[in-house]
Each structure stands twice: as structure tokens, then as C-alpha cells.
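[1] Attaching a predicted model along with its sequence, questions to come.
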Amino acid sequence: MSAAALRWAVSDSATLTRRYLAHLRHQPAELAGAIGFPILLVLMFAFLLGGMMAVPGGGDYRQALLPGLFTMTMLFGQSATMIAVVTDAQRGITDRFRSMPMRRPRC
């Protein structure tokens, strides 16, 4: 990747990040859900249900729990991203992105 392409990628990423953060400022429930859901999962599975769980072969339940919870959090975040992309496409925001001076993605 050339230096110019890298600058465009960083600039475009910064523009989209600012847009997303401005959106979150107007939608605090979405921010609370994005941050609160993973915390709620960890608290619920580690402390509420953790006393009932036994890891086969011994070991600490939390060491087995956290990688699975991180994976679940990543998948839920991915689904939220897909929903946001579809919503943006339906509202015409994707067409506005096409009219902006942004580098076209290579597929």
C-alpha cells in the first residue's frame, strides 16, 4: 500500500469514526447497550451462574468463560454493524458516501 493510499484510508476511517461518534451522542441508549451488554454477560455468567459450573478436568471456570464471551460479544457487534449498514443503505446514506471524496474499496 502506498503512502497516499494509507493517508486516504486513515482520513476516511477518521471521517466515518466521527460520524459514528456523533450518531452515538444522539443515541445514548445504543451506546449503553453496546457497552453494557458485554459487561452484563460477564457479570451474569461469571458471578451468578459461575458457582454452579465445573470445568471438566479441573481448572478455573472464568478462564474457560472469557474467550467464549469475547466471541459472543464480537458476533453481536458484527450483527449490529450489519444492521447499521442495511439501515444506512435504506436511508440513502450509502449514496451520500459515494458522492464524498472517499477512496473506493477494492473487492
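    Nice, I can see it.

[2] For the helix or strand where Gln63 lies, list every residue counted as buried.
    Per DSSP states H and E, Gln63 falls inside helix 61-91. Along helix 61-91, these residues count as buried under the neighbour rule (16 or more other Cβ atoms under 10 Å): Tyr61, Leu65, Leu69, Thr73. In this view, the C-beta of every residue, glycine as well, is placed from N, C-alpha and C.

[3] any idea how far Ala3 is from the last one?
    Put plainly, it is Thr73. For Thr73, the distance to Ala3 equals 35 Å [Cβ to Cβ, to the nearest Å].

[4] Please report the distance of the most centrally placed residue in the chain from Arg18.
    Nearest residue to the geometric centre of the chain (Cα atoms, centre = their mean): Gly77, 3.8 Å. According to Cβ to Cβ, Gly77 stands 19 Å off from Arg18.

[5] Just to confirm, what's the three-state secondary structure of Ala54?
    At Ala54, secondary structure determined by DSSP: H, G, I helix; E, B strand; the rest coil is coil.

[6] That one and Ala64 touch, don't they?
    No: assessed by Cβ atoms under 8 Å, Ala54 is found out of contact with Ala64, at 10.3 Å.

[7] Phi first, then psi, for Met53.
    Here is the backbone geometry of Met53 (degrees, to the nearest 10): phi -100, psi 140.
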